[in-house]
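> have a look; sequence and predicted model below, questions after that.
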Amino acid sequence: MDLTLSPNEQAFRDVLRSWLAENHPGEEPTGDEAGFEFRVEWQKKLHAAGYAGVSWPEEFGGRGATLVEQAIYGEEMARAKTPSTANVLGLVMGGPVVIAHGSEEQKQRYLEPILSAEEIWCQGFSEPESGSDLASLKTRAVKSDGGWSVTGQKVWTTLAHVSKWCMLVARTDQDAPKHKGLTYFLMDMEQDAVQVRPLHQITGEAEFNELFIEDAYIPDENVLGGVGNGWSVAITTLMHERAGLGAAAAASVKIALGQLIELASEHGMADDPIVRQEIASLLIEAEALRLNAWRGLTAIMKTGTPGPEGSLPKLQWSAVNQGLTELAVTIQGEAGLAKDSDWTYRFLRARANSVEGGTTEILKNIIAERVLGLPKLR
C-alpha cells in the first residue's frame, strides 16, 4: 500500500480543492424542508461539474474516478465541510447496484435522475424483526398482472419521506432456503399502497421512517438482477455502502478531533492528564481508521469488487466518533448537554452510528468470520 499520490492524483486533488473553494454553497439553512432543498441544489451543482457521481463510469454520467481519486474526493469534501448531497443513498448505493446488475433499459431510465437529484432513493431492507439479519425478512411479493403485489413492513428507512424509489428486498419464494427466496425490486414510492410514517429521533429530526406496504404494485421490469437473486444484489448494495465510507469518515473524524482539542483549550483542560490521554487514544484510533480505509481500497483494486474488509472502517468510525462526542460533552461539564449546542447534537446523533449501516455486533461477526477466518458463530 503506497500512500504517495501520483502526479495525476495530486492534480485531481488540486482541481477539486480549487473548485470547492469557488463553489462552496455555504451553511445549510435550518428546517427540514429548507435543508433538503438546499442539498438538492448543491447536488445539481456537483452534477453539472461532474462531481455528483464521481465514482461512476463516464458512460453513465459519472467522472470515472479511480479508487484513490474517490478517496481523495471524500477527504476533500470532509475538509471543506460541504453539506451532504440530497440523494446520498442513490449515489452511493442505488446507482452502483443498477450499473452492476441492471439491464440497459434500467440504466437508461434510472441513472441520470439519481445524479441530478430529480428522483431520490431510499433503502427498504430492515424490518421490525429482521434488522441486520436481512435474510429473515418477511415482506412478501406475489406474482400479479404482469408484475408483483408486495405486502409487508420496513423500518429505519432513511429519506423515505422524500423518495421516489425504494431499493426493496422481498421474499418471492416461501419454500426456498431463506437466502435463496429473495428478489430485489425498485418500488415506486408514489402509490397509495405505500404509507410512510416518520420516526422522530432523539435529535428532534425524522430522517428515518417506517414503511407500511399493502398490495403495492411493482412491474416485472422493476426487478433488478433477476427473480430469486435478491441476496447477491443486496450484498452488492451493502458492500458499496461500506466501501465508500472509510476515507471520508477518516477525514471528518480528523477535523472533529481538531475541534475537540480546541474545545479542551477553551475550557482550560488541555493540560488535564486524563483528557490528554483520551484525546491521544482517539487520535491513534483515527489514524488506524485512515490506514484501514486505504488498505481496503488496495484490496478492492486487487479484486475489482468491494469485500468484507469494508466492515472494519465502519466499525472503527462508529467507536471513534462516539468516543470523541462523549469526551466533548464531558469537557463542557454542565453545559455539555445544552439544547442549542452543536456538540450536543453531534453527541445525540452519534448514538445511531453503531446501528446504521450494520450493527456493531454484526460487523464484528463479519470481520471475525470473513476477514480473520475465525470459526463461525453458529
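Perfect, thanks for sending it.
> show me where the stretch 151-300 of the chain dips below the pLDDT cut-off.
239-245 (pLDDT under 70).
> would you map the helices across it?
With DSSP state H, counting those that start in this stretch, the ranges of helices along the stretch 151-300 of the chain come out as 230-243, 246-266, 273-303.
> nearest to Thr30, of those?
helix 246-266 (20.2 Å; Cβ to Cβ). Heads up, the C-betas are built off the backbone N, CA and C, glycines and all.
> tilt between that closest one and helix 273-303?
170 degrees (axes from the mean of the first three to the mean of the last three Cα atoms, to 10 degrees).
> burial of Ala141, as a residue count?
27 (other Cβ atoms under 10 Å).
> out of the helices of the stretch 151-300 of the chain, flag the one nearest Ile99.
Smallest distance to Ile99 across the helices of the stretch 151-300 of the chain (Cβ to Cβ): 9.8 Å, for helix 230-243.
> quick one on the thing from earlier: winner for burial among the helices of the stretch 151-300 of the chain?
helix 230-243 (a mean of 22; mean count of other Cβ atoms under 10 Å).
> so the residue nearest to Tyr73 when sequence neighbours are not counted is in which element?
In space, and not counting its chain neighbours, Tyr73 is closest to Val54: 4.9 Å by Cβ to Cβ, 6 or more residues apart in numbering. Of the helices and strands defined by DSSP states H and E, none includes Val54.
> could you double-check that Val54 sits in contact with Leu67?
No: taking contacts as Cβ atoms under 8 Å, Val54 lies outside contact range of Leu67: 11.1 Å.
> of these two, who's got more company?
The residue with more neighbours, out of Val54 and Leu67, is Val54; 21 against 18, by other Cβ under 10 Å.
> what distance do you get for the more buried one to Ala368?
From Val54 over to Ala368 the distance is 33 Å, taken as Cβ to Cβ, to the nearest Å.
> then Lys376?
9 Å.
> parallel or antiparallel, list what pairs with the longest strand seen in the chain.
Identified as the longest strand of the chain according to DSSP state E is strand 208-219. The strands that strand 208-219 pairs with in its sheet are strand 147-154 (antiparallel), strand 194-199 (antiparallel) (by DSSP bridges).
> please identify the most buried of those strands.
With neighbours defined as mean count of other Cβ under 10 Å, the strands paired with strand 208-219 peak in mean count at strand 147-154, which reaches a mean of 20.
> got the contact list for it?
Residues outside strand 147-154 that contact it (Cβ atoms under 8 Å, 6 or more residues apart in numbering): 124-128, 137-143, 166, 168, 170, 172, 183, 185, 187, 210-220, 222-223.
> the helices of the stretch 151-300 of the chain: which one's closest to Leu16?
helix 246-266 (12.9 Å).
> can you get me a residue count around Gly204?
When neighbours are defined as other Cβ under 10 Å, Gly204 has 10 of them.
> just the buried residues from the contacts of strand 147-154, in PyMOL please.
In PyMOL syntax, the buried subset of these is picked out as below (16 or more other Cβ atoms under 10 Å):
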select buried, resi 124+125+126+127+137+139+140+141+166+168+170+172+183+185+187+210+211+213+216+217+218+222+223
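> of all the helices of the stretch 151-300 of the chain, which one is nearest Arg197?
helix 230-243 (23.7 Å).
> any idea how far the residue nearest to Ala338 when sequence neighbours are not counted lies from Glu105?
Spatial nearest neighbour of Ala338, chain neighbours left out: Thr344 (5.9 Å); criterion: Cβ to Cβ, 6+ apart. From Thr344 across to Glu105, the span is 48 Å (Cβ to Cβ).
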